[in-house]
Structures are given as C-alpha cells and as structure tokens.
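Visitor: Build the 3D model from these lines:
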Amino acid sequence: MGSEGVAQHGASEFGTVPTSGMAARYAAALYAEASEQNALDEVAAQMRALGELIAQSEDVRRLLASPLVDVNESSRAILAVLDNGGVGRLVRNLVGVVAANRRLAALPRVVDAFAALIAEKRGVVTARVASAHPLTEVQEQQLRARLIEAGYGNVEIIREVDPSLLGGLVVKIGARLYDTSLKSRLQRLQNAMKGAA
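Guide: Coordinates of the predicted model:
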C-alpha cells in the first residue's frame, strides 16, 4: 500500500472522531485497501491491538510523540514493535507511511479514525463511557440495555476510568453527551449556590 493508499483522521477530547482531516484520510485508505483484499476483520483486529499497545505503553507513546527522535530511527523502532506483535502487511504499511510522512504523533488518531470508520460502515454505534471505577459486567449489561431502550440498537461500549468523576457516568455517543457524574453534579450545586449568594 503506497502513501496514496493511506489516509488518516482526528479524534477529539472524549474520543469522537471527525469525518475529515489527515487521520480520516489514512483510515479511509486503509479501509479501502483492507476491503479490496477481503481482510477487514483481520486489519480491524490488528488496529485494535495497535490502539491497545499505544494506550498501555508509555514508551510507545513517548516514541510517537517525540519530535527529537530521527524519523528513520522512530520508524524502525515502531515497525520492530509491530513485528513482535504479529501485525500484518497492511497495518505495517500504514504505519510506515505515517512514519515516513513524519506523522507518528497522529497515529493514535489514525487508530481511532479507523475504528470509527469500521463502526460506521457496520452500523455500530460507539458509546464512550467514563466512570470513576471500572464497570462490572452486570453494570455494563444494564447500561447496554438502557442504550437499546433509548434507540441505540447495535452499541459498542468503550470503557474509560476517570477517578476525578467521583461517581456516576459520562456517556458520549456521537455528538450527544450524557453526564450523570458526581463531579458535574457538585459543580452544578456550587454554581447554584454562587448564584443564590
């Protein structure tokens, strides 16, 4: 896959992904290439694994973000990490093109853009759920049932833990934000008390 066959898009603060931009173009090109080769499921799994690797490894995040590392050195390093992870040719080519274009810092957004594109094409709604503590399986099932009741049929829940929320949930689905966190309730109470004074 050449540089013309790769695209990318960007992600906002809570993980929603715009449909345009550099990361979206890379994601669209990878999607087209994987689709053409009947490898969408395999590539989607590899991109998920790449996203998890980036999220879990401080060293990888530092490598991607550092403007001080030589482009050839950073490219070799990230490709070596991918080789160890058993990543296939299409994803390796994508990462190689991103590195050659000096865009490694954008790789997490490319991963998010690809996930969003796959979900959109498959009719899956992505719900990003932040909670103060990890959700139990029962809580996730209850949340999924409530989302289905609200009209979100095929939902993929992406969980995040944010201890600053104190309690409750923040659910983001597309442009909609449902904030029942204790943190926001306390802020509203504080603002109301300031207004009453």
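Visitor: Check the residue nearest the centre of the chain and give its pLDDT.
Guide: With distances taken as Cα atoms, centre = their mean, the chain has Asp112 as the residue nearest its mean C-alpha position (3.4 Å). Reading off the confidence values, Asp112 has pLDDT 86.
Visitor: One more: Val69?
Guide: 76.
Visitor: Next, count neighbours for the residue lying closest to it once chain neighbours are set aside.
Guide: Nearest-residue entry for Val69: Leu63, 6.5 Å, with adjacent residues in sequence omitted and distances by Cβ to Cβ, 6 or more residues apart in numbering. All C-beta spots, glycine's among them, are computed from the backbone N, C-alpha and C. Applying other Cβ atoms under 10 Å, we find 19 residues neighbouring Leu63.
Visitor: Tell me the spacing between the residue nearest to the centre of the chain and Leu90.
Guide: With distances taken as Cβ to Cβ, to the nearest Å, Asp112 is found 18 Å from Leu90.
Visitor: where's the residue nearest to the centre of the chain relative to Arg48, distance?
Guide: Counting by Cβ to Cβ, the gap from Asp112 to Arg48 is 11 Å.
Visitor: Now name the helix or strand holding the residue nearest to the centre of the chain.
Guide: Assessed by DSSP states H and E, Asp112 sits inside helix 107-121.
Visitor: what's the following helix or strand after that helix?
Guide: Remark: after helix 107-121, the chain's next helix or strand is strand 125-131, criterion DSSP H and E.
Visitor: next SSE after that next one?
Guide: Next helix or strand after strand 125-131 toward the C-terminus (DSSP H and E): helix 137-149.
Visitor: I'd like to know which elements that following helix is packed against.
Guide: Other helices and strands packing on helix 137-149, by 3 or more Cβ pairs under 8 Å, 6 or more residues apart in numbering; DSSP states H and E, are strand 125-131, strand 155-161, strand 169-173.
Visitor: Make CSV out of those strands and add distance to Glu149 and mean neighbour count.
Guide: CSV is the format used below for the helices and strands packed on helix 137-149 (distance: least, Cβ to Cβ, whole Å; neighbours: other Cβ atoms under 10 Å):
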stretch, distance to Glu149, mean neighbour count
strand 125-131, 13, 20
strand 155-161, 11, 15
strand 169-173, 13, 19
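Visitor: May I see these arranged in JSON lines, with distance to Val81 and mean pLDDT as well?
Guide: Formatted as JSON lines, these follow (distance: least, Cβ to Cβ, whole Å; pLDDT from 0 to 100):
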{"stretch": "strand 125-131", "distance to Val81": "26", "mean pLDDT": "86"}
{"stretch": "strand 155-161", "distance to Val81": "23", "mean pLDDT": "84"}
{"stretch": "strand 169-173", "distance to Val81": "30", "mean pLDDT": "89"}
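Visitor: Okay, now the unreliable bits of this structure?
Guide: When the per-residue scores of the chain are filtered using pLDDT under 70, the ranges that remain are 1-20, 196-197.
Visitor: ok now do the residue nearest to Ala119 when sequence neighbours are not counted, which residues does it touch?
Guide: For Ala119, the nearest residue in space outside its immediate sequence neighbours is Thr126; the separation is 5.1 Å by Cβ to Cβ, 6+ apart. If a contact means Cβ atoms under 8 Å, 6 or more residues apart in numbering, then Thr126 has 115-116, 119, 155-156, 158, 173 as its contacts.
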